[in-house]
Every structure is written in C-alpha cells, then in structure tokens.
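Chemist: Got a predicted structure here, sequence first:
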Amino acid sequence: MATKIEDEVNDVVVVKRDLTALELPTAMPVPVKAGLEGVVAAESQISAVDGLNGTLSYRGIDIGQFAQHATYEETVYLLWTGKLPTRVQLTEFAGRMVAEREIDESIQHLLTIIPRTITPINALRTAVSALSGLEEDTDDRAPEVNQAKALRLTAKFPTIVASYHRCRLGLERVAPDPDLSHAANFLYMLHGKRPTPQVARAMDLIMLLLSDHGFNASTFAARVTASTLSDMYAAVTTALGTLKGPLHGGANHRSMQMLLEIGSIDNAEPYIDAALAEKRRIMGFGHRVYRQTSDPRCVYVRRMLYEVCEELGDMYWYELAVTIEEMMAIKRGLFPNVDFYSAPLMYLLGLPLDLFVPLFAISRVPGWTAHIMEQYEHNRLFRPVCAYTGYRNRAYVPIEER
Ligand SMILES: CC(C)(COP(=O)(O)OP(=O)(O)OC[C@H]1O[C@@H](n2cnc3c(N)ncnc32)[C@H](O)[C@@H]1OP(=O)(O)O)[C@@H](O)C(=O)NCCC(=O)NCCS
C-alpha cells in the first residue's frame, strides 16, 4: 500500500509505503526518493555542483576560471591531486600523459575485428575491458597503482576512439602526435590533420567543462562498482555503460539530431510546439540539479559556439540554438544543459554524431577515476534498500497444475 505525501523538508512529492513491504527492519515508514533525488549518498571533495546558485567548481575553484585560463591537462592535474600545478609540474605531467597515449597492438587488433556495427561508445567500453588485461595486477588498488591506471586510461581514451572510428571507415589509423595537446591530438588522430589553434581550444574547453560534475549518474555508477572493491577498469566500464543513455551523456547526440531535423530557424517554433504537445522531451534541456537556474557550463560553451560560428562566417547554429533556448524558457521554464550547446559545437568541430558520447567519455574519465580513488579512500559498500511492492505469501503451484 503506497500513499503520496508532501515532504516538507525537501518540498518534493515522496511516496510512503506500508512498512511491511520494506526490506528494512524498521518500525517507521520510510520515504522512497524516486531517482534518489536529493539523497546525499556520500561526501566528496572533487567538484561542487550548486543547483540553487547555478555554479560549478572543481576543488573549490569556479569553472569560469578554468574556461578562461586553464587547459584540460591542468584541470585533470587538479582533479586528481587537489592542487594547481606549477609550470614545471604541468610540463612533467603532460609529458607522462603523452607517453601513455599509444595503445597496445592487441587492442589495435581488437578494434579491427569487432563488428563494424558496434557503436564507438560500445567499442570504447569493450576496449577498456580488454585493457584491464594489460595491467600487471588488475586488482591492485594501491593509491600509486590507481593513479597510474587513471593516467593510462585518460591518455588512451582518445586513441581508442579515433582508431576505431578510422578503422570502421576503412582508413589507416593515425598515431598520436607527441607535440600536440590532449585535445588537439584527438582531432588530429580522428581527421588526420592538425587542427587550427581556435578549433583545438574549442575542443579543450569542451573537455575541461565536461571533466567532472558531482554525483552524476555515470560517476555514481562508477563509485557503486568501486564500493564493492572491484577494480578501476571495472568501475570505468560501468561508467561507460551508464553514460550512453539518452537521459545522460546520450543527450548531446540526440540534441544535434533534433537541431538537424528542425532544419531552419523558421521551423524552430512549430517543431518545439509539436514536440511539447506530444509530450516528447527536448534533448539538452532540464537538469536534475540545476532546476531554477541555467547549467553554469552553458555560458562558456555558448560563447565558444558564437566565436566558432563567427570565425566560420556563418551564425546559423548559434542563432538556432539561442532561439530554442529562449523558446523553452518561455514555454516551459526549462533551461538548457551543457549538452544543448556542446552538440552544435562538436558538430562544427567535425565530429560525427555517434562520437559525441565518446567525446563526453574522453572528457569525463579523469572525473570518474578521481571519484573511484576517493571512494576507495573512504569506502563503504553502497547497498540501498528497495520498497518491495510485489505479491506476498503466494502458494507455489506445481508445474503440472498451472
Ligand atoms: C535531465 C532530466 C533527465 C532530469 O530529469 P528529472 O530530474 O527526473 O526531471 P523530471 O523528469 O521529473 O522532469 C520534471 C518536469 O519537467 C519536464 N521536463 C524535464 N526535462 C524536459 C525536457 N527536456 N523536455 C520537456 N520537458 C521536460 C518533465 O516532463 C516534467 O514535467 P511534469 O512534471 O509536467 O511531468 C530531464 O530534464 C530530461 O530528460 N532532459 C532531457 C535529456 C537531457 O538533456 N539530459 C542531459 C542531462 S545533463
């Protein structure tokens, strides 16, 4: 028996259930928080997502500072160590990332023999599982071993994605270029030519803005796996499986599909009206945490989209996106999330739609691994309970009598 009641503390509707239907040995009815909304699952010192004020900070520093001054490598260093690197430390760190970019021949071969119908994000997940076999001891969770694993995973993600992409197109793979930054090198391995500084900076910005975001679904999934004391590769594989869903990382791809379907600024309003009337979700809008405010990452991605469009001499994608943003605010009071503006930006950087989620994964793997390491440091197994609402005390009917 379930009854809907107002939760005064959190101002959300929760469902209180008959206590006999609970797994818990408790005399008190326990509220069910659908989607774990508002539930504080653990402490973390990596990134702070403030839904009330619409801010995001990494290790206490507002993302705006990174968007204006930092590189992806610098951001990764901070996420893992909690400190901003000196110039010497950053050079040494970036050098270690470069040294780990190449992937073993067995992984290169694997990418050529898996079915071409496998999507790039699933190919990446498969390759990460296989990569675990190249560790001396996959289950070794010593902090320094995990730091090395995190660096290897982060360094190799772009190489795996670019190699698989070129392989499925029947093109020769392009080996990593040690002289290029992490972001520029990814574009180089993908397209076979070095990006302009502006394009490389746009990619770097997307990557650093996506590198961590509190207890989002994939990060939480990674922490759940880590909490069983399973290894880092297993936890990252879990995260990859979680990221690709359309309500999470898969939204940017679908957001771009929508923008392409809309096709013109004049068609934006009829399209959005029809979609809302059919109760379809507009991908790239809404957020579990930023409900009353815009996603703080949008400002920087929108500005970069403006700059890239200006450089190309064609403002179409920027104008279309801004038109839809204004429309959604008026019609539904919904704000865009980072996926909405990063979709046309990724498109203009030459990424095919099914590489949008892999790019999200490439950007987010430092965040996942930072959280996995934090989980190991103060581990307690995640094991919530469910409110059982199924049948009880049913008689078993022998098969002959059914
Ligand atoms: C992100 C998301 C999953 C958050 O979901 P949530 O916190 O569970 O929010 P809810 O699904 O309860 O939505 C609350 C209300 O807003 C509406 N809503 C939320 N996002 C919407 C969207 N993108 N388009 C249309 N309506 C939306 C819901 O229909 C619901 O309305 P209702 O109360 O009248 O039924 C949701 O906003 C969504 O599906 N967005 C599109 C996918 C996306 O962009 N994901 C990337 C997230 S970074």
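Modeler: Received the coordinates, thanks.
Chemist: And the strands in this protein?
Modeler: With DSSP state E as the criterion, the chain has strands at 2-7, 12-17, 31-32, 47-50, 55-58, 61-62.
Chemist: Nearest to the ligand: which residue in this structure?
Modeler: Gly286 (2.3 Å; CB to the nearest ligand atom). Where C-beta positions appear, they are placed from N, C-alpha and C, glycine not excepted.
Chemist: how many neighbours does the residue lying closest to that residue once chain neighbours are set aside have?
Modeler: Setting aside the residues directly before and after it, Gly286 is nearest to Leu334 in space (CB to CB, 6 or more residues apart in numbering), at 5.1 Å. Neighbourhood size, Leu334 [other CB atoms under 10 Å]: 19.
Chemist: what do you get for Gln68?
Modeler: 10.
Chemist: Return the per-residue confidence for it.
Modeler: Note on Gln68: pLDDT of 96.
Chemist: Wait, Tyr164 touches Leu111, no?
Modeler: Yes. The criterion here is CB atoms under 8 Å, and Tyr164 meets it with Leu111 at 4.7 Å.
Chemist: list the residues that contact both of the two?
Modeler: Here Tyr164 and Leu111 have Ala123, Ala127 as joint contacts, going by CB atoms under 8 Å, 6 or more residues apart in numbering.
Chemist: More neighbours: these two, which one.
Modeler: For Tyr164 versus Leu111, neighbours defined as other CB under 10 Å are more numerous around Tyr164 (29 against 24).
Chemist: From Val299, how far out is that one?
Modeler: Using CB to CB, to the nearest Å, Tyr164 is found at 33 Å from Val299.
Chemist: just the helices in the stretch 151-300 of the chain please.
Modeler: Using DSSP state H, counting those that start in this stretch, the helices found in the stretch 151-300 of the chain span residues 182-191, 197-209, 217-227, 232-243, 251-262, 268-277, 297-312.
Chemist: want to throw the ones you listed into TSV with mean pLDDT?
Modeler: As requested, these are arranged in TSV below (pLDDT from 0 to 100):
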stretch	mean pLDDT
helix 182-191	98
helix 197-209	97
helix 217-227	98
helix 232-243	98
helix 251-262	96
helix 268-277	97
helix 297-312	97
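Chemist: who wins for proximity to Phe356 among those helices?
Modeler: helix 251-262 (4.3 Å; CB to CB).
Chemist: okay, the angle between that closest one and helix 197-209?
Modeler: 130 degrees (axes from the mean of the first three to the mean of the last three CA atoms, to 10 degrees).
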